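Asker: Make a model of this:
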Amino acid sequence: MSGAHPGHGAPDVGGWAGLARSAAAALESPGGGIEECLVRELLVFGLDDSTYAIPVERVREIVRMRAPTRVPRAPDRLLGVIALRGEVVEVIDLRRSLGFAGASPGPKSRIIVLHGDVDRVTGLLVDSVEAVLRISEESFWPAVSGDSGSVVEMCRSEDRFVSVLDVDRLLGVADD
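Answerer: Numbers count the residues shown, from 1 in each chain. All right, here's what the predicted structure looks like:
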(Lines give C-alpha, C1' and ligand atoms only; values in the text may rest on other atoms or scores of the structure.)
Protein backbone atom coordinates (compact mmCIF):
# COMPACT_ATOMS: atom_id res chain seq x y z
CA MET A 1 0.00 0.00 0.00
CA SER A 2 1.29 3.42 -0.81
CA GLY A 3 -0.15 6.91 -0.97
CA ALA A 4 0.90 10.14 -2.58
CA HIS A 5 0.93 12.84 0.05
CA PRO A 6 1.23 16.46 -1.03
CA GLY A 7 2.89 19.18 1.08
CA HIS A 8 1.69 19.99 4.56
CA GLY A 9 -0.34 23.11 3.66
CA ALA A 10 -3.78 23.16 2.14
CA PRO A 11 -3.58 21.79 -1.42
CA ASP A 12 -4.29 24.14 -4.26
CA VAL A 13 -6.20 23.28 -7.40
CA GLY A 14 -3.05 23.28 -9.58
CA GLY A 15 -1.31 20.90 -7.16
CA TRP A 16 -4.13 18.36 -7.34
CA ALA A 17 -4.31 18.69 -11.12
CA GLY A 18 -0.58 18.00 -11.33
CA LEU A 19 -0.93 15.00 -9.07
CA ALA A 20 -3.76 13.64 -11.22
CA ARG A 21 -1.73 14.20 -14.43
CA SER A 22 1.33 12.41 -13.04
CA ALA A 23 -0.81 9.45 -11.91
CA ALA A 24 -2.39 9.22 -15.38
CA ALA A 25 1.03 9.45 -17.07
CA ALA A 26 2.37 6.63 -14.90
CA LEU A 27 -0.55 4.42 -15.88
CA GLU A 28 -0.10 5.18 -19.58
CA SER A 29 3.67 4.66 -19.70
CA PRO A 30 4.89 1.21 -20.80
CA GLY A 31 5.14 -0.89 -17.66
CA GLY A 32 4.68 2.20 -15.47
CA GLY A 33 1.28 1.33 -14.08
CA ILE A 34 1.11 -2.37 -14.82
CA GLU A 35 1.66 -4.37 -11.67
CA GLU A 36 1.16 -7.99 -10.84
CA CYS A 37 -1.98 -7.22 -8.85
CA LEU A 38 -4.85 -4.94 -9.73
CA VAL A 39 -4.49 -1.50 -8.14
CA ARG A 40 -7.28 1.01 -7.50
CA GLU A 41 -6.84 4.74 -7.05
CA LEU A 42 -8.93 6.64 -4.54
CA LEU A 43 -9.20 10.30 -3.62
CA VAL A 44 -8.93 10.37 0.17
CA PHE A 45 -10.58 13.14 2.17
CA GLY A 46 -11.40 14.00 5.75
CA LEU A 47 -14.89 14.39 7.13
CA ASP A 48 -15.92 14.70 10.79
CA ASP A 49 -12.62 13.23 12.11
CA SER A 50 -12.95 10.21 9.81
CA THR A 51 -11.27 9.28 6.54
CA TYR A 52 -13.32 8.59 3.42
CA ALA A 53 -12.51 7.99 -0.23
CA ILE A 54 -14.10 7.89 -3.67
CA PRO A 55 -12.72 6.45 -6.89
CA VAL A 56 -10.42 8.93 -8.66
CA GLU A 57 -12.17 8.35 -11.98
CA ARG A 58 -15.34 9.95 -10.57
CA VAL A 59 -13.52 13.21 -9.68
CA ARG A 60 -13.59 16.00 -12.23
CA GLU A 61 -11.80 18.62 -10.14
CA ILE A 62 -11.28 19.97 -6.64
CA VAL A 63 -12.07 23.62 -5.90
CA ARG A 64 -11.75 25.86 -2.88
CA MET A 65 -14.89 26.53 -0.90
CA ARG A 66 -16.98 29.45 -2.08
CA ALA A 67 -20.30 30.72 -0.80
CA PRO A 68 -23.13 28.87 -2.54
CA THR A 69 -26.42 30.50 -3.51
CA ARG A 70 -29.22 28.87 -1.53
CA VAL A 71 -32.02 27.13 -3.39
CA PRO A 72 -35.52 27.69 -1.97
CA ARG A 73 -37.16 24.62 -0.37
CA ALA A 74 -34.06 22.48 -0.99
CA PRO A 75 -33.19 19.74 1.51
CA ASP A 76 -30.72 20.79 4.24
CA ARG A 77 -27.90 18.74 2.72
CA LEU A 78 -28.08 20.79 -0.51
CA LEU A 79 -26.12 23.89 0.46
CA GLY A 80 -26.97 25.61 -2.82
CA VAL A 81 -25.31 26.16 -6.17
CA ILE A 82 -22.09 27.78 -7.38
CA ALA A 83 -21.02 28.94 -10.82
CA LEU A 84 -17.93 27.18 -12.14
CA ARG A 85 -16.73 28.27 -15.58
CA GLY A 86 -20.26 28.85 -16.83
CA GLU A 87 -21.77 25.72 -15.28
CA VAL A 88 -24.14 25.53 -12.35
CA VAL A 89 -22.80 23.10 -9.74
CA GLU A 90 -25.03 21.77 -6.94
CA VAL A 91 -23.07 21.67 -3.68
CA ILE A 92 -24.03 18.89 -1.29
CA ASP A 93 -22.90 18.93 2.34
CA LEU A 94 -21.43 15.45 2.63
CA ARG A 95 -21.56 15.66 6.43
CA ARG A 96 -25.35 15.97 6.39
CA SER A 97 -25.73 13.36 3.64
CA LEU A 98 -23.96 10.86 5.88
CA GLY A 99 -25.96 11.81 8.97
CA PHE A 100 -23.37 13.97 10.76
CA ALA A 101 -24.14 17.39 12.18
CA GLY A 102 -23.45 20.24 9.80
CA ALA A 103 -20.41 22.43 10.43
CA SER A 104 -19.12 25.70 9.07
CA PRO A 105 -16.51 25.23 6.33
CA GLY A 106 -12.92 25.83 7.43
CA PRO A 107 -9.79 26.93 5.57
CA LYS A 108 -9.08 23.36 4.38
CA SER A 109 -12.65 22.70 3.18
CA ARG A 110 -12.94 21.81 -0.48
CA ILE A 111 -15.63 21.02 -3.02
CA ILE A 112 -14.99 17.80 -4.92
CA VAL A 113 -16.68 18.25 -8.31
CA LEU A 114 -17.82 14.91 -9.72
CA HIS A 115 -18.26 13.67 -13.25
CA GLY A 116 -21.98 13.20 -13.62
CA ASP A 117 -24.97 13.40 -15.85
CA VAL A 118 -24.93 15.79 -18.79
CA ASP A 119 -27.66 17.92 -17.22
CA ARG A 120 -26.28 17.98 -13.68
CA VAL A 121 -22.91 18.70 -12.10
CA THR A 122 -22.53 17.92 -8.41
CA GLY A 123 -19.95 18.96 -5.86
CA LEU A 124 -19.39 17.41 -2.45
CA LEU A 125 -18.31 19.68 0.40
CA VAL A 126 -15.64 17.94 2.51
CA ASP A 127 -13.52 19.09 5.45
CA SER A 128 -10.20 18.47 3.69
CA VAL A 129 -8.67 16.65 0.73
CA GLU A 130 -5.71 14.52 1.75
CA ALA A 131 -4.20 12.42 -1.04
CA VAL A 132 -4.58 10.02 -3.92
CA LEU A 133 -4.18 6.51 -2.56
CA ARG A 134 -3.09 3.57 -4.71
CA ILE A 135 -4.08 0.30 -3.09
CA SER A 136 -4.23 -3.31 -4.25
CA GLU A 137 -7.61 -4.86 -4.91
CA GLU A 138 -7.14 -7.58 -2.31
CA SER A 139 -6.77 -4.93 0.43
CA PHE A 140 -10.51 -4.10 0.33
CA TRP A 141 -13.29 -5.74 2.31
CA PRO A 142 -17.04 -5.11 2.51
CA ALA A 143 -18.14 -2.41 4.93
CA VAL A 144 -20.31 -2.91 7.94
CA SER A 145 -23.74 -1.29 7.73
CA GLY A 146 -24.17 2.41 8.44
CA ASP A 147 -23.65 5.80 6.79
CA SER A 148 -26.97 5.48 4.95
CA GLY A 149 -25.58 2.51 3.00
CA SER A 150 -23.19 4.79 1.10
CA VAL A 151 -20.04 3.20 2.55
CA VAL A 152 -19.59 0.01 0.56
CA GLU A 153 -15.99 -0.97 1.27
CA MET A 154 -13.16 -0.42 3.70
CA CYS A 155 -9.41 -0.48 3.25
CA ARG A 156 -6.40 0.28 5.38
CA SER A 157 -3.85 2.97 4.65
CA GLU A 158 -0.88 3.10 6.98
CA ASP A 159 -2.32 3.45 10.51
CA ARG A 160 -5.92 4.30 9.62
CA PHE A 161 -8.99 2.77 8.05
CA VAL A 162 -10.58 4.39 5.00
CA SER A 163 -14.30 4.13 4.23
CA VAL A 164 -14.96 3.93 0.48
CA LEU A 165 -18.17 5.62 -0.67
CA ASP A 166 -20.39 4.52 -3.53
CA VAL A 167 -20.92 7.85 -5.29
CA ASP A 168 -24.03 6.76 -7.18
CA ARG A 169 -25.69 5.48 -4.02
CA LEU A 170 -24.63 8.62 -2.17
CA LEU A 171 -26.14 10.91 -4.79
CA GLY A 172 -29.30 8.82 -4.81
CA VAL A 173 -29.57 9.39 -1.05
CA ALA A 174 -28.93 13.12 -1.61
CA ASP A 175 -31.71 13.39 -4.20
CA ASP A 176 -34.65 12.38 -2.03
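
Asker: Could I get the contacting residues of the nearest residue to Ser109 once chain neighbours are set aside?
Answerer: Of all residues not flanking Ser109 in the chain, Met65 sits nearest, at 4.4 Å (C-beta to C-beta, 6 or more residues apart in numbering). Bear in mind the C-beta positions are built from the backbone N, C-alpha and C, glycine included. If you count contacts by C-beta atoms under 8 Å, 6 or more residues apart in numbering, Met65 has them with Pro105, Ser109, Arg110, Ile111, Leu125.

Asker: ok, the second one - contacts?
Answerer: With contact set as C-beta under 8 Å, 6+ apart, Ser109 has these partners: Met65, Leu125, Val126, Asp127, Ser128.

Asker: Then the third one?
Answerer: Arg110 is in contact with Pro11, Phe45, Ile62, Val63, Arg64, Met65, Leu125, Val126, Ser128, Val129, counting by C-beta under 8 Å, 6+ apart.

Asker: which residue sits closest to Ile112, ignoring its sequence neighbours?
Answerer: Ile112 sits nearest to Leu124 (C-beta to C-beta, 6+ apart), 4.7 Å away.

Asker: Would you mind confirming that the one you found is in contact with Val89?
Answerer: No. Applying C-beta atoms under 8 Å as the test, Leu124 and Val89 come out as separate, 10.4 Å apart.

Asker: what sits in contact with each of those two?
Answerer: With C-beta under 8 Å, 6+ apart as the test, Leu124 and Val89 both reach Ile111.

Asker: Looking at these two, which is more packed in?
Answerer: Leu124 (26 against 23; other C-beta atoms under 10 Å).

Asker: hang on, the earlier thing: among the contacts of Arg110, which one sits closest to Ile54?
Answerer: Phe45 (8.0 Å; C-beta to C-beta).

Asker: re the thing from before, which of the contacts of Ser109 has the largest number of neighbours?
Answerer: Busiest of the contacts of Ser109 [other C-beta under 10 Å] is Val126, holding 25 neighbours.
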